[in-house]
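**Q** starting from these lines, generate the structure:
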Amino acid sequence: EHYSLSLDLFDLAAKCALANGDIISMKLLSQQVMRKAQSFEDTLNVMYCITNYLAYSSKLPESIEKSLDILSRLGIELRGRDLSVEVCVQETKDLLSTYTYDELLNMRRMTDSTMIMAMKF
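**A** So this is what the prediction gives:
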């Protein structure tokens, strides 16, 4: 009946637990969301918390792998590409160079909540 509200509360509680360093609570809250979620998209916030936890606890390769898995499930395939920072920065510069500053400032705001979330990963 109050699924959306409950989901928001559990997402925020997991985020707060991570911020407070209470990893056990963050994991328990995340597991609850993963079990009760009605869609993959409903799990994205807690999966973002989990990838952050992995990165914060010096498990960066695991965090990257989990992020790539999530992006793949969202239809964004990055495996097999050269993902060095330099290549990514240059690719972004090349893409942006085709637009003027005014065009960039006046672009439509992104509204696809799944893609907005994907950009975090």
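
**Q** how many neighbours does K27 have?
**A** When counting by other C-beta atoms under 10 Å, one arrives at 17 neighbours for K27. Heads up, the C-betas are built off the backbone N, CA and C, glycines and all.

**Q** wait, E41 touches T114, no?
**A** Yes - proximity of E41 to T114 meets the contact threshold set by C-beta atoms under 8 Å, at 5.4 Å.

**Q** could you report the distance from S57 to T51?
**A** 11 Å (C-beta to C-beta, to the nearest Å).

**Q** swap in T92?
**A** With distances taken as C-beta to C-beta, T92 is found 21 Å from T51.

**Q** when those two are compared, which one has more neighbours?
**A** T51 (22 against 10).

**Q** contacting residues for the more buried one?
**A** T51 is in contact with S63, K66, S67, I70, F121, counting by C-beta atoms under 8 Å, 6 or more residues apart in numbering.

**Q** the residues you listed in helices, which ones?
**A** S63, K66, S67, I70 (DSSP state H).
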